[in-house]
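Asks: everything below, folded, please.
(chains A, B, C and D)
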There are 4 protein chains.
Amino acid sequence: MPKMKAAIFVEPDRIVLDDKPIPDVGPLDALMRITTTTICGTDVHILKGEYPVAKGLTIGHEPVGIIEKLGSAVTGYREGQRVIAGAITPSGHSYACLCGCSSQDGAGTKHGFKAAGGWRFGNTIDGAQAEYVLVPDAMVNLSPVPDALTDEQVLMCPDIMSTGFAGAERGGIRIGDTVVVFALGPIGLCAIAGAKLMGATTIIGVDTVPARIEVAKRLGADMVVDFKKGDPVKQIMDLTDGRGVDVAIEALGTQGTFESALRALRPGGTLSSLGVYSTDLQIPLSAFSAGLGDNTIVTSLCPGGKERMRRLMNVVASGRVDLTSLVTHHYKLDDIEKAYDLFSHQRDGVLKVAITP
Amino acid sequence: MPKMKAAIFVEPDRIVLDDKPIPDVGPLDALMRITTTTICGTDVHILKGEYPVAKGLTIGHEPVGIIEKLGSAVTGYREGQRVIAGAITPSGHSYACLCGCSSQDGAGTKHGFKAAGGWRFGNTIDGAQAEYVLVPDAMVNLSPVPDALTDEQVLMCPDIMSTGFAGAERGGIRIGDTVVVFALGPIGLCAIAGAKLMGATTIIGVDTVPARIEVAKRLGADMVVDFKKGDPVKQIMDLTDGRGVDVAIEALGTQGTFESALRALRPGGTLSSLGVYSTDLQIPLSAFSAGLGDNTIVTSLCPGGKERMRRLMNVVASGRVDLTSLVTHHYKLDDIEKAYDLFSHQRDGVLKVAITP
Amino acid sequence: MPKMKAAIFVEPDRIVLDDKPIPDVGPLDALMRITTTTICGTDVHILKGEYPVAKGLTIGHEPVGIIEKLGSAVTGYREGQRVIAGAITPSGHSYACLCGCSSQDGAGTKHGFKAAGGWRFGNTIDGAQAEYVLVPDAMVNLSPVPDALTDEQVLMCPDIMSTGFAGAERGGIRIGDTVVVFALGPIGLCAIAGAKLMGATTIIGVDTVPARIEVAKRLGADMVVDFKKGDPVKQIMDLTDGRGVDVAIEALGTQGTFESALRALRPGGTLSSLGVYSTDLQIPLSAFSAGLGDNTIVTSLCPGGKERMRRLMNVVASGRVDLTSLVTHHYKLDDIEKAYDLFSHQRDGVLKVAITP
Amino acid sequence: MPKMKAAIFVEPDRIVLDDKPIPDVGPLDALMRITTTTICGTDVHILKGEYPVAKGLTIGHEPVGIIEKLGSAVTGYREGQRVIAGAITPSGHSYACLCGCSSQDGAGTKHGFKAAGGWRFGNTIDGAQAEYVLVPDAMVNLSPVPDALTDEQVLMCPDIMSTGFAGAERGGIRIGDTVVVFALGPIGLCAIAGAKLMGATTIIGVDTVPARIEVAKRLGADMVVDFKKGDPVKQIMDLTDGRGVDVAIEALGTQGTFESALRALRPGGTLSSLGVYSTDLQIPLSAFSAGLGDNTIVTSLCPGGKERMRRLMNVVASGRVDLTSLVTHHYKLDDIEKAYDLFSHQRDGVLKVAITP
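Replies: Now for the predicted structure:
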């Protein structure tokens, strides 16, 4: 049985590179040979044991690569084709998928819904930080990469860009809106790019790290709030002349950012939450107009599927958004443990790390 | 100066009937002679001092009556015409109104938004529990009552029906949805009627009072959960065979109902909140899929304005919904203090009280 | 090779019952044994040669039956299970499906879109007027029938009800709307039921056949216009006191109904077209406000897929809509040629014909 | 009675500058002293007698200026304030306004809807090509101009930009869409800018005039089709590799562009029409998939009101879109007849003409 290298979750605080069998290809699957992948903040949650996955699982959900082998029932692709797959890999046939909610895919469950069930790579099945990854429901998920685009140009599509843009889309941003984005990690930065792409005309970024702030400005932030320089809500109110924002995007996953996002809204505004939370949340009465404020709070899990990927690659190809500067570091798969060390400690101004087998 | 009788907030626990001058009519106003009005749960919050209003304010926001006098700049109506006005009286010209958010009307403020600012009657201006009420921005707010409809038939339109239906509308109910409504007071009962009117096919009501449950069934509830007979979330999950609901409507304003509504949702579901809360709220992590559940939480304040009233009276006229059974008691305005006593103590199976000057 | 009986298109004006091999079952397919099916107006277009299909094709797209055999890659079902499938059978994996447009499914085409491509049964693959039908992409399309519902109760779900309701849904009907439906054949009747289900409060049906008008009233029509008794647009304007309708649903497919629907709209109204047209259409300038009327015209092809079927069966199970009176005649499959004769000549007040093998 | 100069429609082919009384100011009005205005293609339709207006009417609907006098009931503004008003001036209180359809404002009519009724300036009341213009319903329509913006920077907001952007918005453009815009006059150019602002990633402009094509590229067109070099639909299909476009925007008002826009759509696509038509339109069966294509056709009349203007000025202030290059010529009001001569004959590469009293 042929072997491959894979980054495996062993136990909290230990992800190691080890050998695994190259997986068999079922009728609806495709085997993808990874050419580039990356590490996500969620992977660090897994590493730290904050998000539980099975011991022995291959981690990672952002694959760029080449089709090595197609399942017997898969048509419309050819082996050797260059593709990506989204972090979320919907089945296409669950009730959740068919009612427009494919990230909550519950294929195989009684009613077809499962919380975050569309997230399979590196969560419920082996992931992409390996030499090969098995893509389930290949016809739904494999998205051909245009020749003109490099691996690194499309590396943000499977998760970061899809999630960040979803923050803008689910916020219902309209032309002329004022938007704030809390936390300028890779997701927040993409939310800024997404907000600009949808026609927001005043975009405020909240962070404190100068390098992130600089990237945010390049991607569309018109103003920046350093939360270390005073209450961010007060600063946002000052910047908006007391009006508040139409849409606030939360991109961290803490009570502080969630609550501030709510407080920064104008009456009738929308809080679009992208963060992965690890504690209960509080909605202070005063931030919620006692329930009379016509507010909307939405949470979003990264949309997946090949149509989503196609659209995001369209954005890259159009030059409307250039995210290549988010890739600050490069590692070989053999050195992925070092990459985790760097990334999990947020050293050296790291934003995203490109991993190449 | 001619006088009229009005129910006035004196101090917490004291609303009294007293004399007040009949108000002057500004150019955009209309003076309405009240023929029927009613008491709302919110008025009881005011009575108890839980929701602050100015001492001396006339209470009430549900007017049915006759145009007594029109402002000099008001066209399109005639004195003597029978009309209602919504509990919320938008100006029609604030930025909030013009961006589709008229309950948050901030006419007169710098940016045109004010939390719950559209609610003026019995909150920031004199209300409808009186012989006369002054309707601001009359051309936006006066809605002629079809001759065929009685006062009592349209008495629920200004608030109860508009709010309850908004719970269904803002929940985005679609044909074939499963919906739960928490708390079957007048608002919750109207939410049930609204859910049915939008095509929900399984509607579950949660309450414990037999009389309310019976009305709920008449208005569209297919199943009922008595929260005294066990955890309502568990009961809802049992009734839906473990699936959960597409939309949960909260119609009380407590942590318990809010949290249960969230827990009753299928992944990707929507919580539509109508309650007026008096404490901070908690979103338990487990009820929120750590932020990855593609959930939506919306709050709604009663939509107002004459187009809204016209549509609601269309519903009444069509016979699709009959809410007359909600009027369980009748009082003269002279006896309104007795009506408050009955209503605030929820005695005698009271749902709504018709008050006639 | 085992044989079955099937209604086959031979040439214009000839659909005959003949023997065909029972089809082989591919990995993603399911073989369904038909227990009840029906004839659609579209089948009559095929019969008359107005809509071209391949000679030798089995006709019919409204299957109710039992799973006889499942493909090797199909999970989540069991043989012997009672199911329906929609008239439109999307693949679940085309770009069209993944962008919310599954009736235009172009699975297998370069870009994944094909006009009306989701309609396969009795159009591009063998259909349901047979003893067996092969259901493609079974996991997307097979929808289990609740035990409590009879075949005839769900017989309208695959096409008539899905199409008619889509007319209401795509028209964006809101609570309190005034709606007109042009032509009260089975589709138009379901559009009336759908309009009522979505909260329209004044529903006007346009036809001239007394039996159809009577069913329309039972399903929700508040008023009826007999187009033989004068210009229907004028009658609609009279009934609405000169206002016009919010939404007009066209359910026939002629210039006359299309144009009248457009003329019946209030400014800013929506024309929702369901008809299958056979000639170019004219939009008269005067009916179109020279392009300045903020109008919307939408066309809809019957939505398919198991989630859609599940919702429609929910409607049936809820008792909100009862369409059994639409089945006016019953035939054995052996007599299907007689059924076509009756149905295509619209004899004997026929609405829908139940066919049982 | 003080006089002012105004461009007056005398008869077809004659608009002349003449004296008129400065209008009286009603309680809800504001008198605006024009500092800059412009001529619209619609004004040329009026000049040519193709669009009928009353003889003696002042033409023009794009005012930039200073508040000279406020009506007695107008609050929230001060005399001397710099403002614009939209070409469409909704009342804020008609049923049309209150149901989100304010360009079809029928204030004063029985049911509150009137086709294109929101367009009053230079159509049903005196317009803006004058020294002064009376703005009706001033609190709905006056929008303060930020100090940092020049008259010319905001001159496109009242009509051109609002209309062009509406083409994109009503088309429902999503991130990653492919869009075509037919005809690159000022409206079409703004539609291109609007499409880009909403996240379209492939934008195709159709025209033949090199100067317009160049501006289109600057505003966001990724590709251009010269309709003189072959069938534009074929060229669009070639550019999109046979796929067609998601949204086609028509910005001229002819059968040719309307029909080509329809033919350029992918199945399920949307045609967003902005043109003012002067003949009946044909929908060819083949371009309409016989009604089975899940198509949408929408027409839009320029959205007005101060919130719309505020948003558009946000866009200008943000620098996201720079339309100043559309102003190709400048004239004094005294020379407006010469400006009409140039503009109506489309001489000298004219796009828009700034007129200053």
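Asks: surely A:L262 is in contact with A:L271?
Replies: Yes - contact between A:L262 and A:L271 holds when scored by C-beta atoms under 8 Å: they sit 5.4 Å apart. Every C-beta, even on glycine, is put in place using the N, C-alpha and C of the backbone.
Asks: ok, A:Q255 - how many residues close by?
Replies: By the other C-beta atoms under 10 Å in any protein chain shown criterion, the neighbourhood of A:Q255 contains 12 residues.
Asks: contact partners for it?
Replies: A:T279, A:L281, A:Q282 (C-beta atoms under 8 Å, 6 or more residues apart in numbering or on different chains).
Asks: then A:L31?
Replies: Taking C-beta under 8 Å, 6+ apart, one finds A:I22, A:P23, A:V25, A:I67, A:E68, A:K69, A:L70, A:Y132, A:V133, A:L134, A:V135 in contact with A:L31.
Asks: by neighbours, which of the residues you listed wins?
Replies: Of all the contacts of A:L31, the highest neighbour tally under other C-beta under 10 Å goes to A:V135, namely 30 neighbours.
Asks: partner residues bridging it?
Replies: A:A30 (DSSP bridges).
Asks: that one and A:A85 touch, don't they?
Replies: Yes - between A:V135 and A:A85 a contact is recorded at 5.0 Å, counting by C-beta under 8 Å.
Asks: okay, and the common contacts of the two?
Replies: Here A:V135 and A:A85 have A:M32, A:P63, A:N141, A:L142 as joint contacts, going by C-beta under 8 Å, 6+ apart.
Asks: surely A:D334 forms part of a strand?
Replies: No - per DSSP: H, G, I helix; E, B strand; the rest coil, A:D334 lies outside any strand segment and is helix.
Asks: pull up the gap between it and chain D, please.
Replies: Using C-beta to the nearest C-beta, to the nearest Å, A:D334 is found at 36 Å from chain D.
Asks: so that residue is in contact with A:K5, correct?
Replies: Yes - with contact defined as C-beta under 8 Å, A:D334 counts as touching A:K5 (7.3 Å).
Asks: next, format the shared contacts of A:V135 and A:A85 as a markdown table and append pLDDT, secondary structure and neighbour count.
Replies: Output for these, formatted as a markdown table (pLDDT from 0 to 100; DSSP: H, G, I helix; E, B strand; the rest coil; neighbours: other C-beta atoms under 10 Å in any protein chain shown):
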| residue | pLDDT | secondary structure | neighbour count |
| --- | --- | --- | --- |
| A:M32 | 98 | strand | 27 |
| A:P63 | 98 | coil | 31 |
| A:N141 | 98 | helix | 31 |
| A:L142 | 98 | coil | 25 |
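Asks: and the residues you listed, which is closest to B:M309?
Replies: Using C-beta to C-beta, A:N141 is the member of the shared contacts of A:V135 and A:A85 that sits closest to B:M309, with 49.8 Å.
Asks: how about the contacts made by the closest one?
Replies: Applying C-beta under 8 Å, 6+ apart to A:N141 gives the contacts A:A85, A:G86, A:T89, A:P90, A:V135, A:G304, A:G305, A:K306.
Asks: which of those residues fall in strands?
Replies: Among the contacts of A:N141, the ones falling in strands (DSSP state E) are A:V135.
Asks: near chain D, which residues of the stretch 101-250 of chain A?
Replies: Residues of the stretch 101-250 of chain A lying close to chain D (C-beta under 8 Å from any C-beta of the partner chain) are A:165, A:169, A:174-178, A:194, A:196-199, A:201-202, A:222.
Asks: ok, now which ones touch A:K55?
Replies: By C-beta under 8 Å, 6+ apart, the contact list for A:K55 reads A:F9, A:V10, A:E11.
Asks: now the strands: where do they sit in the stretch 151-300 of chain A?
Replies: A:178-182, A:202-207, A:223-226, A:245-250, A:265-273, A:281-283, A:296-299 (DSSP state E, counting those that start in this stretch).
Asks: how far is the fifth one from where the chain is centred?
Replies: Translated: strand A:265-273. Between the mean C-alpha location of strand A:265-273 and the chain-wide mean there is a distance of 22 Å, by C-alpha atoms, centre = their mean, to the nearest Å.
Asks: do stretch A:178-192 and chain B meet?
Replies: No - judged by C-beta under 8 Å from any C-beta, stretch A:178-192 stays clear of chain B, getting no closer than 10.4 Å.
Asks: show the end-to-end separation of that stretch, please.
Replies: Stretch A:178-192 has an end-to-end distance of 11 Å (C-alpha to C-alpha, to the nearest Å).
Asks: would you say A:A354 is within a strand?
Replies: Yes - the assignment for A:A354, made by three-state DSSP, places it in a strand.
Asks: right, and it touches A:H330 too?
Replies: Yes - the criterion here is C-beta under 8 Å, and A:A354 meets it with A:H330 at 4.9 Å.
Asks: doesn't A:V83 belong to a strand?
Replies: Yes - counting by three-state DSSP, A:V83 falls inside a strand.
Asks: for it, name its beta-bridge partners.
Replies: Here A:V83 sits in beta bridges with A:G65, A:P144, going by DSSP bridges.
Asks: quick one: it and A:M139 touch, right?
Replies: No - using C-beta under 8 Å, A:V83 is not in contact with A:M139; the gap is 11.7 Å.
Asks: where do the helices sit along the stretch 1-150 of chain A?
Replies: Secondary structure of the stretch 1-150 of chain A (DSSP state H, counting those that start in this stretch): helices at A:41-47, A:95-98, A:138-141.
Asks: any chance of these in a markdown table, with distance to B:C99 too?
Replies: Below are these laid out as a markdown table (distance: least, C-beta to C-beta, whole Å):
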| stretch | distance to B:C99 |
| --- | --- |
| helix A:41-47 | 35 |
| helix A:95-98 | 32 |
| helix A:138-141 | 38 |
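Asks: show me what from the stretch 101-250 of chain A comes close to chain C.
Replies: With C-beta under 8 Å from any C-beta as the criterion, the stretch 101-250 of chain A meets chain C at residues A:A107, A:G108, A:G112, A:D137, A:M139, A:V140.
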